[in-house]
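1. Turn this into a model:
(one chain, ligands or ions: 2)
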Amino acid sequence: MLTDVVLDQIAEDLSQQSWSVQTDAIPEEFLIALREQLLHMNQQDFQLAGIGRSQDHMLAPSIRRDKVRWIEGETPAERLWLEWAAHLQRGLNRRLFMGLFSFESHFAHYRPGDFYKKHFDAFRPDGLERGARRELSLVVYLNPDWIDGDGGELVLFDPRSDGEICRIHPQYGTVVVFLSTEVPHEVLPAGRDRYSIAGWFRLNGSLAERPDPPR
Ligand SMILES: O=C(O)CCC(=O)C(=O)O
Ligand SMILES: [Fe+2]
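-> Numbers count the residues shown, from 1 in each chain. Ligands and ions are numbered 1, 2, ... in the order given. Take a look at the predicted model:
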């Protein structure tokens, strides 16, 4: 459950090391509902994922192979998920004054052999970029009985030394959060179907003349 104790722990991890891994942060019944939905979803609802910011978004199968479906809150399971994410957002804003403003997320399916090469989820503003960049990344895994030989680990790297800092099995119920501009990461090739939800909290990008839509 996303208790105050878990929120305190995530906040402390984020402030000390820019990332946090939790194994008991999301209620079992949410996981069951999300996985049920995922397994019953039509594969045609999934689309090959792309890379790049929205204007120059492109498919790049040498970098990323997973298929995704955006979550819009259309089912009870999706609404539970969005409420849970909103609770996390409020909890972290209160503790760290992060200014997280909006949230977007998708289901992801990596088929056997699929991967996502090392990348950042967002880049620091360079003066040209305006507004609502991704600030905090969130991943939840929906794979019961994932074992060592199944691959598909998420590897986090130290941005300075480029050394590996953590390797996370995409095990059912594991939650990973990290600062989107601080932590390069990679998904190693999956040995079997690998299901997850990936989401991002954005900062508010309003300009006086152009209020930012929540998504
Ligand atoms: O599934 C994961 O472990 C991470 C996925 C990821 O890095 C992304 O979608 O940007
Ligand atoms: Fe990523």
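2. Mind checking what helix or strand follows whichever helix in the chain runs longest in sequence?
-> Scanning the chain for the helix with the most residues, using DSSP state H, yields helix 76-96. For helix 76-96, the following helix or strand on the C-terminal side (DSSP states H and E) is strand 100-110.
3. Can you name every helix or strand that that next one contacts?
-> With contacts defined as 3 or more Cβ pairs under 8 Å, 6 or more residues apart in numbering; DSSP states H and E, strand 100-110 has these neighbours: strand 67-70, helix 76-96, strand 134-141, strand 194-203. C-beta coordinates here come from the backbone N, C-alpha and C atoms, glycine included.
4. Please compute how far it lies from its chain's middle.
-> Computed by Cα atoms, centre = their mean, to the nearest Å, the chain-centroid distance of strand 100-110 equals 6 Å.
5. now the chain, which segments are flagged as low pLDDT?
-> 51-59, 125-131, 206-215 (pLDDT under 70).
6. Give me every residue in it lying close to ligand 1.
-> Residues of the chain lying near ligand 1 by Cβ under 6 Å from any ligand atom: 108, 116, 121, 139, 154, 185, 187, 196, 198.
7. Show me what the fourth one is bridged to.
-> Okay, so that is residue 139. The partner list for residue 139 in beta bridges (DSSP bridges) reads residue 176, residue 198.
8. What sits closest to residue 28 if chain neighbours are left out?
-> The shortest distance from residue 28 to any non-neighbouring residue, by Cβ to Cβ, 6 or more residues apart in numbering, is to residue 173 (7.3 Å).
9. just checking, the one you found touches residue 29?
-> No - Residue 173 is beyond contact range of residue 29, at 11.4 Å (criterion: Cβ atoms under 8 Å).
10. For burial, what's the neighbour tally of the residue nearest to residue 28?
-> 18 (other Cβ atoms under 10 Å).
11. Equivalent analysis for residue 201, please.
-> Counted by other Cβ under 10 Å, the residues lying close to residue 201 total 25.
12. Now do the contacts for it.
-> 85, 89, 98, 100-103, 134-136, 138 (Cβ atoms under 8 Å, 6 or more residues apart in numbering).
13. returning to what we had before: who wins for neighbours among the residues of the chain next to ligand 1?
-> residue 187 (27 neighbours).
14. and that residue, what are its bridge partners?
-> residue 116, residue 154.
15. so residue 14, which of the three states?
-> In three-state terms, and counting by DSSP: H, G, I helix; E, B strand; the rest coil, residue 14 is helix.
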